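Asker: pasting the sequence and the predicted coordinates here, then a few questions.
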2 protein chains.
Amino acid sequence: MILNAQLRDTSYYITDLKLCQVRLSHNATYPWLILIPNREGVQEILELSSGDRAQLMEEIALASGALQEIFAPDKINVAAFGNVVPDLHVHVIGRFTSDLAWPNPIWPVDHVSEYDPKVRNELILRLEEALFQ
Amino acid sequence: MILNAQLRDTSYYITDLKLCQVRLSHNATYPWLILIPNREGVQEILELSSGDRAQLMEEIALASGALQEIFAPDKINVAAFGNVVPDLHVHVIGRFTSDLAWPNPIWPVDHVSEYDPKVRNELILRLEEALFQ
């Protein structure tokens, strides 16, 4: 599957799970994973097969668990919009009562910061490991 | 399960599916369903059993299909936040390229309108029927 350019250019590759490519948002303000099902042309959850839907849910749970293990957030936010990038993708975001947008959803994204490349590379390795436990 | 008062007071009962109570948001600006798993004390998707997670995903697909059948939206938005009301609940919202918040997520909810009670009751009946097809 060819990854949408906007998704690709605003996130970093972590790993491929059974259904989804998992990526880290470039925005270091929040611990923010993006799951992209490897299914060409699918825009809505309803368009996935029932088996793929169950797998997507398991991968959302995996991503949530990885964020909980590494960041211990106060809440996990999960969202699939696709209003701008129509290819199906799911945001899984760790939220803290102390974060800049709390208690609102992070959208519209008013707070953007970039990772230090070394910190980011270490985080990607830790996330990859946590996703395969 | 005792429904959270804020969820209850800002939405209308439609029906109970196998896992979730399905409710209609009071906000008529968007076709907006809320799925609330009937599991006491559950706040995160990760806390549901694997079977319940698969069922939740099927009910998200059912809700999406009901909105598509009745409203034919341009996109379905799905989101689980819980930053304000921590009990797990999933928003399933029909979006139009012509709606007031497009292409942004509807949060923060700047546009609120109320249903005419007769229109609302008819819509609830249509949604209930569409959810059981």
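Answerer: Now that the structure is in, tell me what you want to look at.

Asker: which parts of chain A are strands?
Answerer: Ranges of strands in chain A, per DSSP state E, are A:11-16, A:20-25, A:32-37, A:75-80, A:90-95.

Asker: identify the residues contacting stretch A:1-13?
Answerer: A:21, A:23-27, A:34, A:36, A:38-40, A:84-85, A:87, A:89, A:120, A:124 (Cβ atoms under 8 Å, 6 or more residues apart in numbering or on different chains). Just so you know, the C-beta spots here come from the backbone N, C-alpha and C atoms, and that holds for glycine as well.

Asker: so which of those residues are also by chain B?
Answerer: The residues of the contacts of stretch A:1-13 that also fall near chain B, by Cβ under 8 Å from any Cβ of the partner chain, are A:Val84.

Asker: picking up where we left off before, quick one, which of the strands of chain A gets closest to B:Glu59.
Answerer: Each of the strands of chain A has some distance to B:Glu59 by Cβ to Cβ; the shortest is strand A:75-80, at 14.7 Å.

Asker: so what are the sheet partners of that closest one and their directions?
Answerer: Its sheet considered, strand A:75-80 pairs with strand A:90-95 (antiparallel), strand B:75-80 (antiparallel) by DSSP bridges.

Asker: now these as CSV including mean neighbour count and distance to A:Leu48?
Answerer: Supplementary listing: these in CSV, determined by neighbours: other Cβ atoms under 10 Å in any protein chain shown; distance: least, Cβ to Cβ, whole Å:
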stretch, mean neighbour count, distance to A:Leu48
strand A:90-95, 24, 11
strand B:75-80, 23, 12
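
Asker: now render the ones you listed as a markdown table, adding mean pLDDT.
Answerer: Putting the strands paired with strand A:75-80 into a markdown table (pLDDT from 0 to 100) gives the following:
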| stretch | mean pLDDT |
| --- | --- |
| strand A:90-95 | 98 |
| strand B:75-80 | 98 |
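
Asker: which of the ones you listed sits closest to A:Phe71?
Answerer: Between A:Phe71 and these, the tightest spacing by Cβ to Cβ is seen for strand A:90-95, at 4.7 Å.

Asker: which residues touch that closest one?
Answerer: Counting by Cβ under 8 Å, 6+ apart, A:20, A:25, A:30-36, A:56, A:60, A:63-64, A:67-68, A:71, A:73-81, A:101-102, A:106, B:83 sit against strand A:90-95.

Asker: same thing but at 7 Å, please
Answerer: Strand A:90-95 has contacts (Cβ atoms under 7 Å, 6 or more residues apart in numbering or on different chains) with A:30-35, A:60, A:63-64, A:67, A:71, A:73-80, A:102, A:106, B:83.

Asker: stretch A:104-119 too?
Answerer: If you take Cβ under 7 Å, 6+ apart as the criterion, stretch A:104-119 is touched by A:26-30, A:77, A:93, A:100-101, B:81, B:104-105, B:107-108.

Asker: could I get the strands paired with strand A:75-80 as TSV with distance to A:Glu128?
Answerer: Conversion of those to TSV gives the following (distance: least, Cβ to Cβ, whole Å):
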stretch	distance to A:Glu128
strand A:90-95	15
strand B:75-80	24
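
Asker: in the longest helix seen in chain A, which residues are buried?
Answerer: Of all segments of type helix in chain A, defined using DSSP state H, the longest is helix A:50-71. Under the neighbour-count criterion of 16 or more other Cβ atoms under 10 Å in any protein chain shown, helix A:50-71 has A:52-68, A:71 buried.

Asker: which among these are in contact with chain B?
Answerer: A:53-54, A:56-58, A:60-61, A:64-65 (Cβ under 7 Å from any Cβ of the partner chain).
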